[in-house]
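Enquirer: Just need the structure, nothing else, for what follows:
(one chain, ligands or ions: 1)
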Amino acid sequence: MTGTLFVVATPIGNLDDITMRAIETLKRAALIAAEDTRVTRRLLDRFSINTPCISLREQNADRVVPVILEHLHAGRDVAVVSDAGTPAISDPGVQIVDAAHDAQIAVCPIPGPSALCSAVSVAALKGDGIRFFGFLPRSGKERERRLSGIAQDPACCVIYESPHRLRDTLSDLLAACGSRRAVVARELTKVHEEVRRGDLRDLLAHFAVEPKGEITILIEGKETASAECLSDEALGLLIADRLANGASAKDIAASLSGALGLSKKKIYDLTVSLIARQR
Ligand code: SAM
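Expert: Numbers count the residues shown, from 1 in each chain. So this is what the prediction gives:
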(Lines give C-alpha, C1' and ligand atoms only; values in the text may rest on other atoms or scores of the structure.)
Protein backbone atom coordinates (compact mmCIF):
# COMPACT_ATOMS: atom_id res chain seq x y z
CA MET A 1 0.00 0.00 0.00
CA THR A 2 1.29 3.46 -0.87
CA GLY A 3 0.87 6.36 1.54
CA THR A 4 -1.37 9.39 0.99
CA LEU A 5 -0.23 12.94 0.28
CA PHE A 6 -2.28 15.31 2.47
CA VAL A 7 -2.40 18.96 1.37
CA VAL A 8 -3.01 20.78 4.65
CA ALA A 9 -4.22 24.39 5.04
CA THR A 10 -2.80 26.31 8.02
CA PRO A 11 -3.86 29.66 9.59
CA ILE A 12 -3.23 32.96 7.75
CA GLY A 13 -2.86 34.85 11.02
CA ASN A 14 -5.01 33.65 13.89
CA LEU A 15 -3.68 30.28 15.05
CA ASP A 16 -7.10 29.32 16.43
CA ASP A 17 -8.24 28.97 12.81
CA ILE A 18 -6.42 25.65 12.46
CA THR A 19 -8.87 22.79 11.95
CA MET A 20 -9.08 19.62 14.03
CA ARG A 21 -8.42 17.55 10.91
CA ALA A 22 -5.30 19.60 10.18
CA ILE A 23 -3.91 18.94 13.69
CA GLU A 24 -4.77 15.25 13.50
CA THR A 25 -3.28 14.86 10.01
CA LEU A 26 -0.07 16.69 10.93
CA LYS A 27 0.28 14.50 14.03
CA ARG A 28 -0.30 11.23 12.19
CA ALA A 29 1.84 11.93 9.09
CA ALA A 30 5.29 10.33 8.95
CA LEU A 31 6.73 13.51 7.44
CA ILE A 32 5.71 17.15 6.89
CA ALA A 33 6.97 18.91 3.76
CA ALA A 34 7.05 22.60 4.73
CA GLU A 35 7.83 25.80 2.80
CA ASP A 36 9.98 27.10 5.69
CA THR A 37 10.56 24.54 8.42
CA ARG A 38 11.24 27.26 11.04
CA VAL A 39 7.84 28.89 10.42
CA THR A 40 6.03 25.54 10.49
CA ARG A 41 7.92 24.40 13.60
CA ARG A 42 6.41 27.35 15.53
CA LEU A 43 2.91 26.21 14.51
CA LEU A 44 3.69 22.57 15.34
CA ASP A 45 5.09 23.51 18.77
CA ARG A 46 1.89 25.44 19.54
CA PHE A 47 -0.14 22.22 19.01
CA SER A 48 2.47 19.80 20.46
CA ILE A 49 3.09 18.09 17.11
CA ASN A 50 6.44 16.30 16.88
CA THR A 51 6.35 15.05 13.29
CA PRO A 52 9.68 15.54 11.45
CA CYS A 53 9.79 18.29 8.79
CA ILE A 54 11.57 18.58 5.47
CA SER A 55 11.89 21.81 3.49
CA LEU A 56 10.03 21.91 0.17
CA ARG A 57 10.33 25.03 -1.97
CA GLU A 58 10.27 25.72 -5.69
CA GLN A 59 14.07 26.02 -5.64
CA ASN A 60 14.71 22.56 -4.12
CA ALA A 61 11.67 20.72 -5.54
CA ASP A 62 13.76 18.77 -8.11
CA ARG A 63 15.77 17.22 -5.27
CA VAL A 64 13.08 16.93 -2.56
CA VAL A 65 10.05 15.70 -4.56
CA PRO A 66 11.72 12.29 -5.29
CA VAL A 67 12.55 11.93 -1.57
CA ILE A 68 8.89 12.55 -0.65
CA LEU A 69 7.73 10.09 -3.33
CA GLU A 70 10.01 7.43 -1.82
CA HIS A 71 8.28 7.86 1.54
CA LEU A 72 4.86 7.64 -0.11
CA HIS A 73 5.84 4.53 -2.11
CA ALA A 74 7.05 2.96 1.13
CA GLY A 75 3.52 3.39 2.56
CA ARG A 76 4.18 6.45 4.71
CA ASP A 77 1.72 9.39 4.72
CA VAL A 78 3.18 12.82 4.00
CA ALA A 79 1.57 16.21 4.77
CA VAL A 80 2.46 19.28 2.72
CA VAL A 81 2.04 22.77 4.22
CA SER A 82 3.05 26.30 3.26
CA ASP A 83 3.99 29.11 5.65
CA ALA A 84 0.34 30.20 5.89
CA GLY A 85 -2.93 29.40 4.17
CA THR A 86 -3.58 26.74 1.56
CA PRO A 87 -0.56 25.20 -0.21
CA ALA A 88 -0.34 25.49 -4.01
CA ILE A 89 -2.33 28.77 -4.05
CA SER A 90 0.45 31.25 -4.91
CA ASP A 91 2.55 28.99 -2.67
CA PRO A 92 4.73 25.87 -2.98
CA GLY A 93 3.01 22.52 -3.32
CA VAL A 94 2.12 22.28 -7.01
CA GLN A 95 5.14 20.13 -7.98
CA ILE A 96 4.63 17.48 -5.30
CA VAL A 97 0.88 17.28 -5.96
CA ASP A 98 1.57 16.92 -9.69
CA ALA A 99 4.23 14.25 -9.11
CA ALA A 100 1.95 12.32 -6.71
CA HIS A 101 -0.85 12.20 -9.29
CA ASP A 102 1.62 10.99 -11.93
CA ALA A 103 2.77 8.26 -9.53
CA GLN A 104 -0.86 7.15 -8.88
CA ILE A 105 -0.58 8.21 -5.24
CA ALA A 106 -3.73 9.39 -3.45
CA VAL A 107 -3.85 13.16 -2.86
CA CYS A 108 -6.18 14.36 -0.12
CA PRO A 109 -7.05 18.01 0.75
CA ILE A 110 -7.37 19.10 4.37
CA PRO A 111 -9.23 22.38 3.72
CA GLY A 112 -8.95 25.43 5.91
CA PRO A 113 -7.78 29.06 5.84
CA SER A 114 -6.93 30.84 2.61
CA ALA A 115 -6.57 34.58 2.01
CA LEU A 116 -8.43 34.12 -1.29
CA CYS A 117 -11.61 32.60 0.22
CA SER A 118 -11.48 34.77 3.34
CA ALA A 119 -11.28 37.97 1.27
CA VAL A 120 -14.03 36.89 -1.15
CA SER A 121 -16.29 36.02 1.79
CA VAL A 122 -16.21 39.56 3.20
CA ALA A 123 -16.17 41.52 -0.09
CA ALA A 124 -19.67 40.94 -1.50
CA LEU A 125 -18.59 42.48 -4.81
CA LYS A 126 -20.68 41.74 -7.87
CA GLY A 127 -19.29 39.74 -10.74
CA ASP A 128 -19.91 36.84 -13.06
CA GLY A 129 -17.83 34.36 -11.05
CA ILE A 130 -14.46 34.92 -9.42
CA ARG A 131 -11.09 35.13 -11.18
CA PHE A 132 -7.92 34.67 -9.14
CA PHE A 133 -4.73 36.32 -10.41
CA GLY A 134 -2.33 35.76 -7.50
CA PHE A 135 0.47 38.34 -7.66
CA LEU A 136 0.52 40.58 -10.76
CA PRO A 137 3.82 40.97 -12.65
CA ARG A 138 5.57 44.04 -11.23
CA SER A 139 6.08 45.86 -14.54
CA GLY A 140 6.20 45.53 -18.30
CA LYS A 141 3.85 44.36 -21.01
CA GLU A 142 2.59 41.33 -19.05
CA ARG A 143 1.44 43.61 -16.19
CA GLU A 144 -0.34 45.90 -18.68
CA ARG A 145 -1.97 42.87 -20.31
CA ARG A 146 -3.22 41.59 -16.94
CA LEU A 147 -4.53 45.04 -15.95
CA SER A 148 -6.48 45.48 -19.17
CA GLY A 149 -7.76 41.90 -18.75
CA ILE A 150 -9.07 42.82 -15.30
CA ALA A 151 -10.67 45.99 -16.70
CA GLN A 152 -12.63 43.91 -19.24
CA ASP A 153 -13.39 40.95 -16.99
CA PRO A 154 -17.03 40.41 -15.95
CA ALA A 155 -15.80 38.30 -13.01
CA CYS A 156 -14.80 39.69 -9.62
CA CYS A 157 -10.98 39.67 -9.82
CA VAL A 158 -8.75 38.84 -6.85
CA ILE A 159 -5.11 39.92 -6.55
CA TYR A 160 -2.49 39.28 -3.87
CA GLU A 161 -0.33 42.34 -3.21
CA SER A 162 2.44 43.51 -0.89
CA PRO A 163 1.83 46.65 1.20
CA HIS A 164 4.59 48.66 -0.46
CA ARG A 165 3.12 48.02 -3.92
CA LEU A 166 -0.52 48.67 -2.90
CA ARG A 167 -0.64 52.31 -4.02
CA ASP A 168 1.00 51.58 -7.39
CA THR A 169 -1.45 48.76 -8.05
CA LEU A 170 -4.52 50.75 -6.97
CA SER A 171 -3.36 53.59 -9.18
CA ASP A 172 -2.82 51.26 -12.17
CA LEU A 173 -6.21 49.64 -11.54
CA LEU A 174 -7.87 53.07 -11.50
CA ALA A 175 -6.14 53.93 -14.76
CA ALA A 176 -7.20 50.63 -16.34
CA CYS A 177 -10.74 50.27 -14.94
CA GLY A 178 -11.80 53.87 -14.24
CA SER A 179 -14.37 54.24 -11.50
CA ARG A 180 -14.99 50.74 -10.11
CA ARG A 181 -15.91 49.28 -6.74
CA ALA A 182 -13.16 47.34 -5.04
CA VAL A 183 -12.10 45.96 -1.67
CA VAL A 184 -8.75 46.04 0.10
CA ALA A 185 -8.67 43.21 2.66
CA ARG A 186 -5.71 43.71 5.00
CA GLU A 187 -4.34 41.56 7.81
CA LEU A 188 -7.35 39.22 7.77
CA THR A 189 -7.81 37.27 11.01
CA LYS A 190 -5.12 39.37 12.74
CA VAL A 191 -5.24 42.18 15.32
CA HIS A 192 -5.14 44.98 12.74
CA GLU A 193 -7.65 43.42 10.34
CA GLU A 194 -9.21 45.93 7.92
CA VAL A 195 -11.79 45.37 5.18
CA ARG A 196 -12.13 48.58 3.19
CA ARG A 197 -14.71 48.71 0.41
CA GLY A 198 -15.18 51.64 -1.94
CA ASP A 199 -14.46 53.13 -5.32
CA LEU A 200 -10.85 52.64 -6.50
CA ARG A 201 -10.16 56.36 -6.18
CA ASP A 202 -11.49 56.42 -2.59
CA LEU A 203 -9.27 53.47 -1.75
CA LEU A 204 -6.27 55.25 -3.25
CA ALA A 205 -7.07 58.29 -1.10
CA HIS A 206 -7.61 56.13 2.01
CA PHE A 207 -4.25 54.38 1.59
CA ALA A 208 -2.38 57.66 1.04
CA VAL A 209 0.23 56.36 3.47
CA GLU A 210 1.67 52.92 2.81
CA PRO A 211 -0.09 50.48 5.16
CA LYS A 212 1.53 47.56 6.95
CA GLY A 213 0.63 43.90 6.68
CA GLU A 214 -0.69 41.39 4.17
CA ILE A 215 -3.09 42.53 1.50
CA THR A 216 -5.62 41.07 -0.89
CA ILE A 217 -7.37 43.29 -3.46
CA LEU A 218 -10.71 42.49 -5.09
CA ILE A 219 -12.20 44.38 -8.06
CA GLU A 220 -15.86 44.23 -9.06
CA GLY A 221 -16.63 42.61 -12.42
CA LYS A 222 -16.98 44.87 -15.45
CA GLU A 223 -20.62 44.26 -16.46
CA THR A 224 -21.85 45.21 -13.03
CA ALA A 225 -19.48 48.11 -12.49
CA SER A 226 -20.65 51.72 -12.46
CA ALA A 227 -20.60 53.29 -15.93
CA GLU A 228 -19.40 56.57 -14.47
CA CYS A 229 -16.40 58.05 -16.32
CA LEU A 230 -13.16 59.02 -14.68
CA SER A 231 -13.55 62.52 -13.23
CA ASP A 232 -10.85 65.22 -13.58
CA GLU A 233 -10.26 64.86 -9.86
CA ALA A 234 -9.54 61.11 -10.20
CA LEU A 235 -7.40 61.77 -13.27
CA GLY A 236 -5.45 64.37 -11.24
CA LEU A 237 -4.85 61.73 -8.55
CA LEU A 238 -3.44 59.31 -11.13
CA ILE A 239 -1.17 61.98 -12.59
CA ALA A 240 0.04 63.12 -9.16
CA ASP A 241 0.96 59.54 -8.29
CA ARG A 242 3.01 59.14 -11.45
CA LEU A 243 4.71 62.53 -10.94
CA ALA A 244 5.66 61.44 -7.41
CA ASN A 245 7.28 58.35 -8.96
CA GLY A 246 9.43 60.60 -11.20
CA ALA A 247 7.57 60.19 -14.53
CA SER A 248 7.73 63.07 -17.04
CA ALA A 249 4.63 64.86 -18.41
CA LYS A 250 5.32 63.25 -21.80
CA ASP A 251 5.51 59.72 -20.34
CA ILE A 252 2.36 60.26 -18.29
CA ALA A 253 0.43 61.53 -21.32
CA ALA A 254 1.58 58.54 -23.38
CA SER A 255 0.80 55.86 -20.78
CA LEU A 256 -2.53 57.22 -19.50
CA SER A 257 -3.98 58.19 -22.87
CA GLY A 258 -3.75 54.57 -24.09
CA ALA A 259 -5.15 53.12 -20.88
CA LEU A 260 -8.00 55.62 -20.52
CA GLY A 261 -8.83 56.38 -24.14
CA LEU A 262 -8.32 60.12 -23.52
CA SER A 263 -6.35 62.51 -25.74
CA LYS A 264 -2.63 62.82 -25.01
CA LYS A 265 -2.98 66.61 -25.15
CA LYS A 266 -5.65 66.69 -22.42
CA ILE A 267 -3.50 64.59 -20.07
CA TYR A 268 -0.31 66.48 -20.96
CA ASP A 269 -1.97 69.88 -20.30
CA LEU A 270 -3.44 68.67 -16.99
CA THR A 271 -0.02 67.32 -15.94
CA VAL A 272 1.74 70.58 -16.78
CA SER A 273 -0.83 72.57 -14.81
CA LEU A 274 -0.41 70.17 -11.84
CA ILE A 275 3.39 70.62 -11.96
CA ALA A 276 2.93 74.42 -12.03
CA ARG A 277 0.61 74.21 -9.00
CA GLN A 278 3.12 72.07 -7.09
CA ARG A 279 5.88 74.69 -7.53
N1 SAM B 1 -1.51 30.20 -0.07
C2 SAM B 1 -1.84 31.35 0.73
C3 SAM B 1 -3.35 31.34 1.02
O4 SAM B 1 -4.02 30.41 0.64
O5 SAM B 1 -3.82 32.27 1.67
C6 SAM B 1 -1.37 32.64 0.07
C7 SAM B 1 0.11 32.72 -0.04
S8 SAM B 1 0.71 34.12 -0.86
C9 SAM B 1 2.44 33.77 -0.89
C10 SAM B 1 0.67 35.36 0.38
C11 SAM B 1 -0.25 36.52 0.00
O12 SAM B 1 -1.59 36.21 0.37
C13 SAM B 1 0.07 37.81 0.73
O14 SAM B 1 1.10 38.53 0.08
C15 SAM B 1 -1.25 38.54 0.64
O16 SAM B 1 -1.43 39.10 -0.63
C17 SAM B 1 -2.24 37.37 0.83
N18 SAM B 1 -2.52 37.19 2.26
C19 SAM B 1 -1.97 36.28 3.09
N20 SAM B 1 -2.42 36.43 4.34
C21 SAM B 1 -3.30 37.46 4.31
C22 SAM B 1 -4.10 38.10 5.30
N23 SAM B 1 -4.04 37.70 6.56
N24 SAM B 1 -4.89 39.14 4.91
C25 SAM B 1 -4.94 39.54 3.63
N26 SAM B 1 -4.20 38.97 2.64
C27 SAM B 1 -3.38 37.94 2.98
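
Enquirer: outside of the top helix by length along the chain, which residues touch it?
Expert: What stands out as the longest helix in the chain, according to DSSP state H, is helix 264-278. Around helix 264-278, the neighbours that count as contacts under Cβ atoms under 8 Å, 6 or more residues apart in numbering are 232, 235-236, 239-240, 243, 249-250, 252-254, 256-257, 260. For every residue, glycine as well, the C-beta is placed using N, CA and C.

Enquirer: what does stretch 15-31 give?
Expert: Contacting residues not belonging to stretch 15-31 are listed as 3, 6, 8-11, 32, 43-44, 46-47, 49, 51-54, 68, 71, 76-79, 81, 110-113, 189 [Cβ under 8 Å, 6+ apart].

Enquirer: Just the endpoints, please. Distance across that stretch?
Expert: With Cα to Cα, to the nearest Å as the measure, the ends of stretch 15-31 fall 21 Å from one another.

Enquirer: ok, now stretch 33-40?
Expert: Stretch 33-40 has an end-to-end distance of 9 Å (criterion: Cα to Cα).

Enquirer: Likewise for stretch 172-192?
Expert: Across its full length, stretch 172-192 reaches 26 Å between end residues, using Cα to Cα.

Enquirer: That stretch close to the ligand?
Expert: Yes: looking at stretch 172-192 against the ligand by Cβ under 6 Å from any ligand atom, the contacts come from A185, R186, E187, L188, T189, K190.

Enquirer: Helices - which of the residues you listed land there?
Expert: Under the assignment DSSP H, the residues of stretch 172-192 next to the ligand contribute nothing to helices.

Enquirer: of all those, which comes closest to I219?
Expert: In terms of Cβ to Cβ, no member of these lies closer to I219 than A185, at 12.1 Å.

Enquirer: Look at that closest one and say how many residues are nearby.
Expert: Counted by other Cβ atoms under 10 Å, the residues lying close to A185 total 24.

Enquirer: Equivalent analysis for L56, please.
Expert: Using other Cβ under 10 Å, L56 has 28 other residues around it.

Enquirer: Leaving out chain neighbours, which residue sits closest to it?
Expert: Spatial nearest neighbour of L56, chain neighbours left out: A33 (3.9 Å); criterion: Cβ to Cβ, 6 or more residues apart in numbering.
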